[in-house]
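Engineer: need a structure here:
(one chain, ligands or ions: 2)
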Amino acid sequence: MSIFSGMNTIPLLRLPRVYRAKQLIKVPVPDMIYLPLEPHFEAYDIEVKMGEYVVIGSRLAHEKKTGMPVYATVSGFVRGIEPRLYSNGHKIDHLCIENDHMDAIKSVLPIGDPDHLLSNELVEAMRILGLRGMGGEGYPTYLKYKDEPDVDTLIINGVECEPYLRSNSYLMYTHIKALFEGVRYMMKAAGIENAFIAVKETARELIDLMREEAKNYKNIVPVDIKDSYPMGWERNLIDTILNRHYDRYPSECGVIVNNAETVIAFAEGLRTGILPFNRIITVGGDGLKQTALCEVRVGTSVYELLEAVGGLADKKGKAYLLAGGPMRGIPMDSPDFVVTDHLTGVTSMIDKSKKPAPCIHCGDCTLQCPMNLQPVKIMDCVKKERIQLLEKLEVDRCMHCGLCSYVCPSHIDVLYYIHQAQTLIEGEDDNAAD
Ligand code: SF4
Ligand code: SF4
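Structural biologist: Ligands and ions are numbered 1, 2, ... in the order given. Modelled structure (predicted):
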């Protein structure tokens, strides 16, 4: 099934596919691991004492509202809680575990035949395992499956549309059985009859492999998707594959979307009783000596990752660092943040931005915006502080894809003004609430 879309997307830099294990750099597990208490909903209850001995799979804490657990990813001693830089650019608390390098381990879920689990037991298994969306947001997966009776289709997102990011393709290729088994378990968890696995049309080797494997499964269909940005965004995927639309959440139009890595992790978690505690991650960009896939223990500092790929490239210009890919990554002040189970990549780019010229009102930013926003109008309103008009321009719908800045012939950082607009509106809302 070949699908082409007429939506606002653009082709970006294409890099060779990396499927082979020999291209994987194994990053040494460090002496100290830092596990963030991720700020999704509420505060955490800490379940361990300072100095306590833990093993891989020991439960260290859980989020109060959702019960989402934090498990140790090394064996060793709890050494404290520190505020540290997190991949959203802010400081949050991290649990610090001193590694004894013994890799003692225990499973968090009884190991049995997952085929015997009922739908609700599969959903509960997602929560006990601590399964989160691994495509970037880290949203607890079980919340998508709990109380969603009206969904009829599952879409697995294997479309890594940002340049450099490659861990999805690699994992799908090397874990094809786990991918299809994971899809089957997720379909059962939600009572869904139909599933699609979406990958880029340029990933030929992977598509061939998936089509072969799909012959063993009922109603799991691989689809190839145009290789352009931002085709991996779930709104675009649902529109392209099903021609359905929604306001806030995909479930409104009967769809659950999961990242391919999340599905593979779920299958592995059901098989072994614990989620993978190593992460395959892309470390890349023209600011580095090489772009590579790395296998790294969750909780490892990004310093170690950069060292493993040979460090910064010897190039003219200032390099900057992003948590994520070059289009949607969050700018980071230093590599002093850690790899989480949902960090998609670490990118370092040489700053080639040109001095911005005045806006020529060409309208390209508006034309390319996949959310049909009016970035140039938003920018003008920010400059003139016309907050009431800003509220009408639906700035909150921006998905921060960066296309408006990317296409601007005047080299204006339009996205910067979108962020400013959101800050202005938030400030206005706070004032109204006071
Ligand atoms: S693309 Fe750049 S120059 Fe063109 S309207 Fe938008 S901000 Fe102005
Ligand atoms: S960053 Fe926001 S405003 Fe700019 S193109 Fe993307 S969705 Fe539109």
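
Engineer: May I have the predicted confidence score for the spatially most central residue of the chain?
Structural biologist: A centroid search over the chain (Cα atoms, centre = their mean) returns residue 136, at 1.6 Å, as the residue closest to the centre. pLDDT recorded at residue 136 is 73.

Engineer: One more: the one 4 residues further on?
Structural biologist: The predicted local distance difference test score for residue 140 is 92.

Engineer: Ok, residue 296 next?
Structural biologist: pLDDT at residue 296 comes out at 97.

Engineer: circling back to that earlier point, who's in contact with the residue nearest to the centre of the chain?
Structural biologist: Going by Cβ atoms under 8 Å, 6 or more residues apart in numbering, residue 136 touches 324, 328, 342-344. Placement of C-beta: from N, CA and C, glycine included.

Engineer: Which of these ranks first by neighbour count?
Structural biologist: residue 344 (26 neighbours; other Cβ atoms under 10 Å).

Engineer: Look up how far residue 419 lies from it.
Structural biologist: For residue 344, the distance to residue 419 equals 20 Å [Cβ to Cβ, to the nearest Å].

Engineer: does the residue nearest to the centre of the chain belong to a helix or a strand, and which?
Structural biologist: Under the criterion DSSP states H and E, no helix or strand holds residue 136.

Engineer: Please report phi then psi for it.
Structural biologist: Backbone torsions of residue 136, given as degrees, to the nearest 10, read phi 140, psi -40.

Engineer: going forward, begin numbering at 34 instead of 1
Structural biologist: Yes, from this point I'll number from 34; that puts the last item at residue 169.

Engineer: And whatever residue of the stretch 184-333 of the chain ends up closest to ligand 1, what's its pLDDT?
Structural biologist: With Cβ to the nearest ligand atom as the measure, residue 262 is the residue of the stretch 184-333 of the chain nearest to ligand 1, at 16.4 Å. Residue 262 is assigned a pLDDT of 81 by the prediction.

Engineer: Residue 446 now?
Structural biologist: The score at residue 446 is 88. That number is its pLDDT.

Engineer: Please name the nearest non-neighbouring residue to it.
Structural biologist: Closest residue in space to residue 446, ignoring its immediate chain neighbours: residue 438 at 5.2 Å, by Cβ to Cβ, 6 or more residues apart in numbering.

Engineer: Helix or strand: which one has that neighbour?
Structural biologist: helix 436-440.

Engineer: Show me what that helix is in contact with.
Structural biologist: Contacts with helix 436-440, where a contact means Cβ under 8 Å, 6+ apart, come from 41, 43, 262-263, 360, 397-399, 401-403, 408, 445-449, 451.

Engineer: Which of the residues you listed fall in helices?
Structural biologist: Mapping the contacts of helix 436-440 onto helices (DSSP state H) picks out 397-399, 401, 408, 447-449, 451.

Engineer: For the residues you listed, give me CSV that also has neighbour count and distance to residue 119.
Structural biologist: Converted to CSV, those look like this (neighbours: other Cβ atoms under 10 Å; distance: Cβ to Cβ, whole Å):
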residue, neighbour count, distance to residue 119
397, 19, 34
398, 27, 30
399, 18, 33
401, 17, 31
408, 29, 28
447, 25, 26
448, 21, 21
449, 13, 22
451, 24, 22
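
Engineer: and of these, the nearest to residue 185?
Structural biologist: Taking Cβ to Cβ as the measure, residue 185 lies nearest residue 401 of the ones in helices among the contacts of helix 436-440, at 32.2 Å.

Engineer: okay, residue 104: pLDDT?
Structural biologist: In this model, residue 104 carries a pLDDT of 98.

Engineer: again with residue 83
Structural biologist: Confidence score, pLDDT, at residue 83: 96.

Engineer: Distance check, the nearest residue in space to residue 426 that is not next to it in sequence against residue 249.
Structural biologist: Excluding the flanking residues, the one nearest residue 426 by Cβ to Cβ, 6+ apart is residue 411, at 5.3 Å. When distance is defined by Cβ to Cβ, residue 411 is 49 Å away from residue 249.

Engineer: the more surrounded of the two?
Structural biologist: residue 411 (26 against 9).

Engineer: Which secondary structure state is assigned to the more buried one?
Structural biologist: helix (DSSP: H, G, I helix; E, B strand; the rest coil).

Engineer: I figured it was touching residue 452, is that so?
Structural biologist: No - with contact defined as Cβ atoms under 8 Å, residue 411 does not count as touching residue 452 (10.4 Å).

Engineer: one step back: out of the contacts of residue 169, who's nearest ligand 2?
Structural biologist: Of the contacts of residue 169, the one sitting nearest to ligand 2 (Cβ to the nearest ligand atom) turns out to be residue 361, at 8.9 Å.
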